[in-house]
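Engineer: Please find the sequence and the predicted model below.
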Amino acid sequence: MSDKAIVGAEQSMVIDCEKVTRTYSEGPSELTIFSDISLKVAAGETIGIVGSSGAGKTTLLNLLGGLDRPSSGHISICGQDIHRLSEAARARFRNHHLGFVYQFHHLLPEFSALENVMLPGTLSGQSVKQATERASSMLDRVGLASRLQHKPGELSGGERQRVAIARALVNEPDCVLMDEPTGNLDEQTGQGVQALIETLRDQIGIAFVLVTHDMAMARSLGRVLRLEQGQLHQES
C-alpha cells in the first residue's frame with residue numbers, strides 16, 4: 001500500500017477522509033499544507049497523529065471536525081459528507097456526532113463544571129432535567145462527582161481537562177477529536193488523563209483521534225500516523 005493509499009481497515013467507519021488537500025493563498029502564491037491525504041477511522045478505534053510543529057496536524061483535525069473546508073477531496077462522518085451541509089446543519093451534526101478536546105480546556109469560567117458539561121445537551125434540545133442527569137453521570141464517570149458545582153477557577157488543571165473530556169462525551173458522539181489533550185499538563189496529571197482516555201474508549205466504544213507530540217502516549221493508545229511533508233504515513 002502506498003503512502004497515499006487509504007490508511008485503515010475496511011470496517012464500520014466513523015471517519016472516511018478521501019484524497020483531501022488543503023492549500024492557503026499567500027499573496028500571489030499558494031501554500032500547500034498537505035495533499036491527497038486519505039484516512040479511515042473505524043468505530044471504537046483510537047488513532048494518534050504525530051508530526052513536527054507546522055506539519056498541519058491541527059489543520060487536519062479541524063477539517064475532520066468540519067471546522068475548516070478542504071481545498072479538494074471529501075470527508076464523511078458516519079456516512080455524511082459534512083462539507084455538503086449548510087453551516088447551521090453542520091453545527092448540529094457536529095454536536096450529535098463529534099466531540100472536541102483542546103490543549104486548553106475552553107471551559108466557560110462563570111459556569112460550574114456541571115453547567116459546562118450540560119451545554120452540548122441543552123444545545124441539542126434536551127430538557128434541563130435530562131441534560132443535568134446526563135452531565136452529572138458523565139462527570140461521575142470521569143471521577144468528578146464531588147466537583148459538580150465548582151467553577152473552572154476552583155479546579156486543578158487535570159480536573160479542568162476532565163471536565164472538558166466529559167463535555168466532549170456527554171452527547172455520546174461517534175468520535176472525539178483531541179488536540180494535544182495533555183500538552184498543558186504536568187507529567188503525572190497527563191498520565192492520569194491518558195489513563196482516563198483508555199478507560200472511556202474501552203468502556204464506551206467511542207473512536208478517538210488525537211494530535212499529540214507524545215509518541216509514547218500515541219503508541220499506548222492505538223494506531224499511530226505521522227503527518228510529514230504534506231503526507232500521512234503509518235508508523236511501524
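Structural biologist: Thanks, I have the structure now.
Engineer: What helices and strands are in contact with the least confident helix or strand in the chain by mean pLDDT?
Structural biologist: For the chain, counting by mean pLDDT, DSSP states H and E, helix 187-204 ranks last in confidence among helices and strands (a mean of 78). Contacting helix 187-204 under the criterion 3 or more CB pairs under 8 Å, 6 or more residues apart in numbering; DSSP states H and E are the following elements: helix 157-169, strand 207-211, helix 215-221. All C-beta atoms are positioned from the backbone trio N, CA, C, and that covers glycine.
Engineer: That one: how far from the chain's middle?
Structural biologist: Per CA atoms, centre = their mean, to the nearest Å, the displacement of helix 187-204 from the mean C-alpha position of its chain is 14 Å.
Engineer: what comes up buried for that helix?
Structural biologist: For helix 187-204, the buried set under the neighbour-count rule, 16 or more other CB atoms under 10 Å, comprises 189-194, 196-198, 200-201.
Engineer: and what of stretch 94-101?
Structural biologist: Buried, per 16+ other CB under 10 Å, within stretch 94-101: 94-95, 97-101.
Engineer: Name the residue closest to the centre of the protein, please.
Structural biologist: Centroid-nearest residue in the chain, with CA atoms, centre = their mean: L177, separated by 0.7 Å.
Engineer: and the helices and strands packed on helix 187-204, which one's lowest on average pLDDT?
Structural biologist: If the helices and strands packed on helix 187-204 are sorted by mean pLDDT, helix 215-221 sits at the bottom with a mean of 81.
Engineer: tell me the angle the least confident helix or strand of the chain makes with helix 157-169.
Structural biologist: The directions of helix 187-204 and helix 157-169 differ by 20 degrees, with axes from the mean of the first three to the mean of the last three CA atoms, to 10 degrees as the criterion.
Engineer: Could you report the neighbour count for S127?
Structural biologist: For S127, the number of neighbouring residues by other CB atoms under 10 Å comes to 10.
Engineer: what pLDDT does it get?
Structural biologist: You'll see S127 listed with a pLDDT of 91.
Engineer: measure it to G66 for me?
Structural biologist: Using CB to CB, to the nearest Å, S127 is found at 27 Å from G66.
Engineer: who are the neighbours in contact with L63?
Structural biologist: Contact analysis of L63 by CB atoms under 8 Å, 6 or more residues apart in numbering lists 17, 20, 22, 69-70, 75.
Engineer: Quick check: the two most widely separated of these?
Structural biologist: When CB to CB is used, the two most widely separated members of these are C17 and R69, lying 12.9 Å apart.
Engineer: Same drill for these two, tell me which one is more crowded.
Structural biologist: The residue with more neighbours, out of C17 and R69, is C17; 24 against 12, by other CB under 10 Å.
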